[in-house]
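In: Okay, here's the prediction I keep looking at, along with the sequence it came from:
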Amino acid sequence: QVQLVESGGGLVQAGSSLRLSCAASGRTFSSYAMGWFRQAPGKEREFVAAINWSGSRTYYADSVKGRFTISRDNVKNTVYLQMNSLKPEDTAVYYCARSGRGTYSGPSRGEYDYWGQGTQVTVSS
């Protein structure tokens, strides 16, 4: 069984930065693509960013491109989301997820088979 545990959320002012971490259990972490999603109150969960198994390719939603950076450390079994220039509209619960494949297969939630419990990010104006 795979467990994903997010950390690093918090309350910050607009323009600030945060780094989210997602620690994964299991010995197969390096074989799978990983993704970050977020869900704001009253909205559907949406794709934020993804990274392939090796970390050589990354993908972003247009709304975060140029501000957020996803990365991974396959030795530490951890995926990160560096968030810069935060905006109030980035306020959401952020979830990490493990893809069912090593390569990126799209922003659909259905492509991801394991999910963390989420970490709250609140950006004040």
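Out: Alright, I've got the coordinates.
In: Please report the distance of residue 48 from residue 59.
Out: 10 Å (C-beta to C-beta, to the nearest Å). Every residue, glycine included, has its C-beta placed from N, CA and C.
In: no, scratch that, I was asking about residue 51
Out: 8 Å.
In: follow-up on the earlier one: settle it for me: which of residue 48 and residue 59 has more neighbours?
Out: residue 48 (25 against 17; other C-beta atoms under 10 Å).
In: host element of the more buried one?
Out: strand 46-51 (DSSP states H and E).
In: Neighbouring strands - and their directions - for that strand?
Out: Next to strand 46-51 in the sheet, as set by DSSP bridges, lie strand 34-39 (antiparallel), strand 58-60 (antiparallel).
In: Next, the buried residues of that strand.
Out: 47-51 (16 or more other C-beta atoms under 10 Å).
In: Go through the strands paired with strand 46-51 and pick out the most buried.
Out: Among the strands paired with strand 46-51, strand 34-39 has the highest mean neighbour count (mean count of other C-beta atoms under 10 Å), at a mean of 24.
In: Give me the contacts around that strand.
Out: 20, 22, 24, 45-51, 70, 72, 79, 81, 90, 92-99, 107, 109, 111-112, 118, 121 (C-beta atoms under 8 Å, 6 or more residues apart in numbering).
In: Can you flag which of those residues belong to strands?
Out: If you go by DSSP state E, the contacts of strand 34-39 have 20, 22, 24, 46-51, 70, 72, 79, 81, 92-99, 112, 121 in strands.
In: In the protein, which residue is most central in space?
Out: residue 36 (2.2 Å; C-alpha atoms, centre = their mean).
In: which non-adjacent residue is nearest that one?
Out: Leaving aside its sequence neighbours, residue 36 sits nearest to residue 48 (C-beta to C-beta, 6 or more residues apart in numbering; 4.3 Å).
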